[in-house]
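# predicted model and sequence follow; I will ask about them next.
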Amino acid sequence: MAVAKPSPFNPDKTPHRLTMKGISKGFPGVLANDNVSFDVRPGEVHALLGENGAGKTTLMNILYGLYQADSGSMSINGEPVQFRSPKDAMREGIGLVAQHFHLARRHSVAENIALGLKGTPLIYPVKALEQKIRTLGTSYGLAVDPKAKVWQLSPGEQQRVEILKALIQGAKILILDEPTSVLTPQEAESLFGVLRRMRAEGEAVIFISHKLDEVMEIADRITVLRKGAVVATLDKKEASPESLARHMMGKAVAPLRPKTKPPLDKAVLELNNVWVKNKRGMSALKNVSFKLRHGEILGVAGVAGNGQADLIEILTGLNQPSEGHILLEGKDCTPLGVKGLFEAGVAHIPEDRNHMGIVPSMTVAENLVLRQYRYQPFSRLGLLDWSKVTEFAQTSISDYQIATPSKETLTRLLSGGNVQKVILARELSGEPKLVVAAHPTYGLDVSATALTHDLLLKQRERGAGVLLVSEDLDELLKLSDRIAVLFAGELMGIVDASRTSREAIGLLMAGRKAQA
Amino acid sequence: MELELILNTIARALAFSTPLLWAALGEIYTERSGVVNLGVEGMMIMGAVVGFMVGQATGLPYLALLVAALVGTLMGLAHAFISITLNANQFVSGLSLTIFGLGLSGLLGRSYVGQPLNVAMKSVTVPFLSEIPLLGPALFTDQKLLTYAGLIMAIILWFFLNYTRWGMTLRSVGESPKAADTAGIPVNQVRYLAVAFGGLMAGVAGAYLSLAYRPSWGEGMTNGMGWIALALTIFALWDPLRAIGASFLFGAFFYLSFTKLQTVIAPELLTMMPYIMTIVALTVIALGQGKRAFGAPEALGIPYQRGER
């Protein structure tokens, strides 16, 4: 690990560049920020660390003027400020490099930077700017050709454009939201070089991340958020990856669900050395192998975007692995598509229930047979048998307690919990061998969550294998027999749910292999 | 004999390309802002009929041109209101504009059918240039002022789009409205202006037909030129300068379909050519890397709403 050059500024004597005091922000149903206090000094990289949903992005959106805090105050260089829009924030010298870049891809680098600037000349607006970009780029190590079109640039170079844009707009406080998530390790290293130089120039940098190693490498101070509240603000010297992981994950112990019988020995699903390429041609899953047994729930943990979605896609036929095999009860089912896998007994409870799970403008009855309408008894010789569909719909509505005015109601009118019940009723009705459930309780209320958990446990009791992908660690600990952890497309390890700790899973999720 | 046919074709193609060029330049600006307007045909024919009516009433063809441009602008604004403010489907709105324009122009122009225009726009001959051997007479005698104005307009619009701050603003709104919004650009306002300008240009294109090209009124006299202008917008890859050459080419096909050539080649085949060439051009671009460099504006046809990803 590289040793960070100490800042030339004396941290105790320089006034804070930014102070946020007692910030609270609520959304319907959640308190995203709970009395958060946070400050940054000039010449400092201050990391904001936390799991997904810990409130990091909400806090930064408040700072950038995208949201208004419900309570609390902010000041810059000791002067109280209030931001109603990003424009206000920019005027006070706050620059944001978002996770998803805001760039016009067919414009040149210089044109993108000129767009938000005041006082550009009417004719040839970018001419003078091009030289400025070159000079500033060289001095910060952010070299990028100002005439290049953005679509020709790698994600790393596009990020440099965003940083340059912020600097040229006069940013004195730079926010970087998960900046390394789109970068190769080499690009990340050069970004750290840039940040070190900015620190030496007296800039203040807020570095948002959930990766422990990079936070330890680049930050001077680290503030850990959990469930919207500050858990700790530490000097880098007092912090260790272990202590940070402990702060991040918390200590809550989930009550274990009683399981009546152990999993069977026979594997229902087996992955052998599976590789998957994503749309950009990068490996989203790297050499993943595991077995899932009959009567077992295998949880899959990981920070969003580490390969979980790609795993679900290949298991449900939405994508094909580029290498490796998927075996269902010992039979190779790699090339089967969505329809083939459904017929082979794979049920899918998708992540985005309103877009992937149902056709919102069709009725509850139609959505209940969306997968099986083409088979007996719902259709014969290509003609739908509506009496059978109606019968099935009525049974499902009462069995799964779907709260709907009638089976003819349009599904989009149902609440999230009831939409999920429609999907569960449809997917579980055929006694599947394998249930692939993606974030099945995300956004559901307590009773719908409990029902979903019961149904998944019932499938386990029945002898089906359940693959449960979730970001809710409590849910995984509660339901799973074993928990597999994905990081950057790699399987970091599979742990026994009854014998592991949140801290151990947290370290795996942050990319640290289990120590023997 | 053949030389004469070629020179004649060149001269007529230039005259024919004029309404295509004006309408296409307007649509290029409209689409570069991210809005599709399929109402070009309707805006053109309304420009043609109103232009004729005003011209006949006042005897002032250039005043008539101005009023036609105003009518086109108003129709463009109607499309902007429906598709930008109300967020309705752009394609349906544009198509309705075409159908509406064709119908209303027929009604308004009923009593004018068959009348020649009393005072038409004069033909001009460019001094010196018209004395160039062969091409001089073909390109520089007996053309209308609007023909040359269209060519100059194309060059100005090209420069404006690529080398001025306002042009950059317009392009950014069509490429990445979110980036533009973040930079403090009023996305919908810019789009309104661009769509209104597209209407203005289509109104001029229509008025050229009834005031200069064939100084009379006939129902449906635009005869699908609005659709050719839409194909031209794509064929020129949304670039005003390329639109000059493309409009000349399409004008030539249009003219040839009325000539003696139809004894050799079916005229339908010739009128089909602009569309076939547009499809070929789109295919070639989609196959190569060129899509990113030359393709449609990235936000084309997508309404912008703040807060949506």
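Great, that's in hand. Numbers count the residues shown, from 1 in each chain, chains lettered A, B, ... in the order given.
# the closest residue to residue A:513 other than its chain neighbours: how many residues sit nearby?
Leaving aside its chain neighbours, residue A:513 sits nearest to residue A:492 (6.1 Å; criterion: CB to CB, 6 or more residues apart in numbering or on different chains). C-beta coordinates here come from the backbone N, C-alpha and C atoms, glycine included. Neighbourhood size, residue A:492 [other CB atoms under 10 Å in any protein chain shown]: 22.
# would you mark the buried spots in whichever strand or helix holds residue A:492?
Taking DSSP states H and E as the definition, one finds residue A:492 inside strand A:490-496. Across strand A:490-496, burial judged by 16 or more other CB atoms under 10 Å in any protein chain shown covers A:490, A:491, A:492, A:493, A:494, A:495.
# which pair of those spans the longest distance?
A:490 and A:495 (15.1 Å; CB to CB).
# is it fair to say residue A:310 lies in a strand?
No: counting by DSSP: H, G, I helix; E, B strand; the rest coil, residue A:310 is not part of a strand but helix.
# show me the domain layout of chain A.
A:39-249, A:266-345+A:432-445+A:462-516, A:354-429 (automatic domain parsing).
# confirm for me that residue B:251 is in contact with residue B:17.
Yes: under the criterion of CB atoms under 8 Å, residue B:251 makes contact with residue B:17 at 3.2 Å.
# how about the secondary structure of the residue most central in space within chain A?
Nearest residue to the geometric centre of chain A (CA atoms, centre = their mean): residue A:304, 2.9 Å. Secondary structure assignment for residue A:304 (three-state DSSP): coil.
# ok, residue A:170 to chain B distance?
14 Å (CB to the nearest CB, to the nearest Å).
# next one: residue A:147
13 Å.
# just say helix, strand or coil for residue B:228.
Residue B:228 ends up helix, using three-state DSSP.
# about what we covered before: pLDDT wise, what is the residue nearest to the centre of chain A at?
Note on residue A:304: pLDDT of 76.
# what's the answer for residue B:289, then?
63.
# can you check residue A:403 too?
87.
# what's the neighbour count on it?
With other CB under 10 Å as criterion, residue A:403 counts 12.
# now do the strand holding residue A:492: distance to the chain's middle.
19 Å (CA atoms, centre = their mean, to the nearest Å).
# thinking again about what came up before, would TSV of the domains of chain A with distance to residue B:152 be doable?
Formatted as TSV, the entries for the domains of chain A read as follows, by distance: least, CB to CB, whole Å:
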stretch	distance to residue B:152
domain A:39-249	18
domain A:266-345+A:432-445+A:462-516	45
domain A:354-429	50
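# relative to residue B:45, which of those is closest?
Nearest of these (CB to CB): domain A:39-249, 33.8 Å.
# check the offset of the closest one from the chain's centre.
That offset, for domain A:39-249, works out to 19 Å (CA atoms, centre = their mean).
# one more: stretch B:36-46?
That offset, for stretch B:36-46, works out to 9 Å (CA atoms, centre = their mean).
# stretch A:263-273 too?
Using CA atoms, centre = their mean, the offset of stretch A:263-273 from its chain centre is 27 Å.
# related to what we said a few turns ago, check which helices and strands the strand holding residue A:492 sits against.
strand A:283-293, strand A:482-487, helix A:502-509 (3 or more CB pairs under 8 Å, 6 or more residues apart in numbering or on different chains; DSSP states H and E).
# out of those, which gets nearest to chain B?
Proximity of the helices and strands packed on strand A:490-496 to chain B was assessed by CB to the nearest CB; the nearest stretch is strand A:283-293, lying at 20.5 Å.
# dump the closest one to CSV, restricted to CA.
Taking C-alpha atoms only, strand A:283-293 is exported to CSV below (Å, rounded to 0.1, in the frame of the first residue of the first chain):
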residue,chain,number,x,y,z
SER,A,283,-15.8,-9.8,-17.2
ALA,A,284,-18.7,-9.5,-14.9
LEU,A,285,-18.3,-13.0,-13.4
LYS,A,286,-14.9,-14.5,-13.2
ASN,A,287,-14.5,-18.3,-12.9
VAL,A,288,-17.4,-18.8,-10.6
SER,A,289,-18.1,-22.4,-9.4
PHE,A,290,-20.5,-23.5,-6.7
LYS,A,291,-23.2,-26.1,-5.9
LEU,A,292,-26.6,-25.5,-4.6
ARG,A,293,-28.4,-28.5,-3.0
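# quick check: mean pLDDT of it?
93.
# over to stretch A:32-52?
Per-residue scores along stretch A:32-52 average to 90.
# stretch B:243-260 too?
88.
# what sits up against it?
B:5, B:9-10, B:12-18, B:20-21, B:24-25, B:28, B:151, B:154, B:225, B:228, B:231-233, B:235-236, B:267-268, B:270-271, B:273-274, B:277 (CB atoms under 8 Å, 6 or more residues apart in numbering or on different chains).
# PyMOL command to pick out the buried ones of the residues you listed?
The buried subset of those, as determined by 16+ other CB under 10 Å, is captured in PyMOL by this line:
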select buried, chain B and resi 9+10+12+13+14+15+16+17+18+20+21+24+25+28+151+154+225+228+231+232+233+235+236+270+271+273+274+277
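# related to what we said a few turns ago, turn the helices and strands packed on strand A:490-496 into JSON lines, columns for distance to chain B and mean neighbour count.
Converted to JSON lines, the helices and strands packed on strand A:490-496 look like this (distance: least, CB to the nearest CB, whole Å; neighbours: other CB atoms under 10 Å in any protein chain shown):
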{"stretch": "strand A:283-293", "distance to chain B": "20", "mean neighbour count": "19"}
{"stretch": "strand A:482-487", "distance to chain B": "24", "mean neighbour count": "24"}
{"stretch": "helix A:502-509", "distance to chain B": "25", "mean neighbour count": "23"}
